[in-house]
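>>> sequence isn't available, so here's the structure alone:
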C-alpha cells in the first residue's frame, strides 16, 4: 500500500492523528532533479533529502548543472516547510469537519 493510500485509509477509519503523522513524515522528504536534455545527449543531477532520517543523497552529473542544482537544494527547506504547513492546515480542517459530523 502506498503512503497516500495509507493516509486515506487512516482518515476513513477516523485515525486523523495517525494519518497526519504518516503524511508529515513523508512531507519531510524531498527529491530534486536537475536535467539538461539535448537530443540523445542528456545529463542530470539528482538529490534526495530525508530530514527525519537525517540523510542526503546526491548523484551529480555534468559540472555545468551543479550550480543550478545546488541553488535548488538551498531552497529545499522552504519547499518542505510549505508542504508541512499545508498538511497541518488540511488536517485542522479535516478534524473540524470530522468533529462536526460526529
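In hand now; what should we look at? Keep in mind the model is a prediction, meaning the values are calculated, not measured.

>>> so which residues of the chain form strands?
Here the chain has its strands, by DSSP state E, at 29-38, 41-50, 55-59.

>>> for the lowest-mean-pLDDT helix or strand in the chain, name the packing helices and strands.
One helix or strand of the chain scores below all others by mean pLDDT, DSSP states H and E: helix 76-101, with a mean of 84. Packing contacts for helix 76-101, counted by 3 or more CB pairs under 8 Å, 6 or more residues apart in numbering; DSSP states H and E, involve helix 16-27, strand 29-38, strand 41-50. For glycine as for every other residue, the C-beta is placed from the backbone atoms N, C-alpha and C.

>>> now those in TSV, with distance to residue 79, mean pLDDT and mean neighbour count?
Shown next, in TSV, are the helices and strands packed on helix 76-101 (distance: least, CB to CB, whole Å; pLDDT from 0 to 100; neighbours: other CB atoms under 10 Å):
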stretch	distance to residue 79	mean pLDDT	mean neighbour count
helix 16-27	10	89	17
strand 29-38	6	88	14
strand 41-50	10	89	16
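
>>> what's near enough to touch residue 58?
By CB atoms under 8 Å, 6 or more residues apart in numbering, the residues touching residue 58 are 45-47.

>>> got the contact list for stretch 38-47?
In contact with stretch 38-47 (CB under 8 Å, 6+ apart) are residues 31-36, 56-62, 64-66, 69, 73, 76.
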